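S.K.: missing the sequence, but the structure's below:
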């Protein structure tokens with residue numbers, strides 16, 4: 001592995017950690033309805049005998065700012081979808097209406113907003129830990145190259161500085177995404 005490959009791999013891994021965090025934030029509900037809130041729920045479908053994502057089983061729309069409507073492609077999966085929503089951590093009770101499931105999104109209380117903000121901070125800290133792990137791996141790989149005499153000590157120092165720049169960039173991106181999500185959560 002060359003130094004360039006190590007740096008490229010580190011940057012790619014850090015970007016994936018930030019992307020994963022941003023994806024996790026989509027499932028945290030704010031005051032408005034968003035299909036992203038439920039589209040990745042795992043639904044155990046009895047008639048199919050397998051587990052599938054909700055977006056594979058139904059059309060999810062938001063006709064009003066505080067309402068999600070879920071229309072299963074197969075009416076026999078309605079009960080399974082309803083059960084999966086009840087068992088999920090989103091805290092919304094579905095209302096089944098024949099072939100359609102409605103999810104009324106209630107207004108968030110101040111206490112719930114603060115709780116969700118703490119959840120966001122926890123997810124962000126997990127992302128920071130992943131970024132630091134990527135930094136550690138990249139520096140360890142660069143040290144192995146130096147130990148094997150494939151790069152000089154100066155190149156090792158330069159690569160450590162470059163890895164740190166990548167880490168700082170990823171952490172700054174995490175902070176930016178966290179700040180916007182917190183602002184979205186606290187907006188009444």
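M.R.: Perfect, thanks for sending it. Just so we're clear, the structure is a prediction, and the values are computed from it rather than from any experiment. Numbers count the residues shown, from 1 in each chain.
S.K.: Could you find the closest non-adjacent residue to the residue most central in space within the chain?
M.R.: For the chain, the residue nearest the mean C-alpha position is residue 24 (1.8 Å; C-alpha atoms, centre = their mean). In space, and not counting its chain neighbours, residue 24 is closest to residue 123: 5.0 Å by C-beta to C-beta, 6 or more residues apart in numbering. Where C-beta positions appear, they are placed from N, C-alpha and C, glycine not excepted.
S.K.: What distance do you get for the one you found to residue 56?
M.R.: 24 Å (C-beta to C-beta, to the nearest Å).
S.K.: In terms of neighbours, single out the busier of those two.
M.R.: Counted by other C-beta atoms under 10 Å, residue 123 and residue 56 do not tie: residue 123 has more neighbours, with 21 against 10.
S.K.: Surely that one is in contact with residue 23?
M.R.: No - the pair residue 123 / residue 23 is not scored as a contact, 10.0 Å apart, by C-beta atoms under 8 Å.
S.K.: Specify the local secondary structure of the residue nearest to the centre of the chain.
M.R.: helix (DSSP: H, G, I helix; E, B strand; the rest coil).
S.K.: What does the pLDDT read for it?
M.R.: Residue 24 is assigned a predicted lDDT (pLDDT) of 85.
S.K.: Go ahead and confirm it touches residue 122.
M.R.: No - counting by C-beta under 8 Å, residue 24 sits too far from residue 122 to count as a contact (10.0 Å).
S.K.: Where does pLDDT dip in this protein?
M.R.: Residue ranges of the chain with pLDDT under 70: 29-31, 188.
S.K.: Go again with 90.
M.R.: For the chain, applying pLDDT under 90 flags the ranges 1-3, 22-57, 62-68, 74-99, 103-117, 119, 149-152, 181-188.
S.K.: Break this structure into its domains for me.
M.R.: Listed domain ranges for the chain are 3-26+109-186, 35-104 (source: automatic domain parsing).
S.K.: quick one, phi psi at residue 72?
M.R.: phi -60, psi 140 (degrees, to the nearest 10).
S.K.: and it, what are its bridge partners?
M.R.: residue 58 (DSSP bridges).
S.K.: and it, how many neighbours?
M.R.: 21.
S.K.: Now do the contacts for it.
M.R.: Residue 72 makes contacts with 57-58, 78, 81, 99, 101, as judged by C-beta atoms under 8 Å, 6 or more residues apart in numbering.
S.K.: could these go into a markdown table alongside neighbour count?
M.R.: Output for those, formatted as a markdown table (neighbours: other C-beta atoms under 10 Å):
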| residue | neighbour count |
| --- | --- |
| 57 | 21 |
| 58 | 23 |
| 78 | 21 |
| 81 | 22 |
| 99 | 10 |
| 101 | 22 |
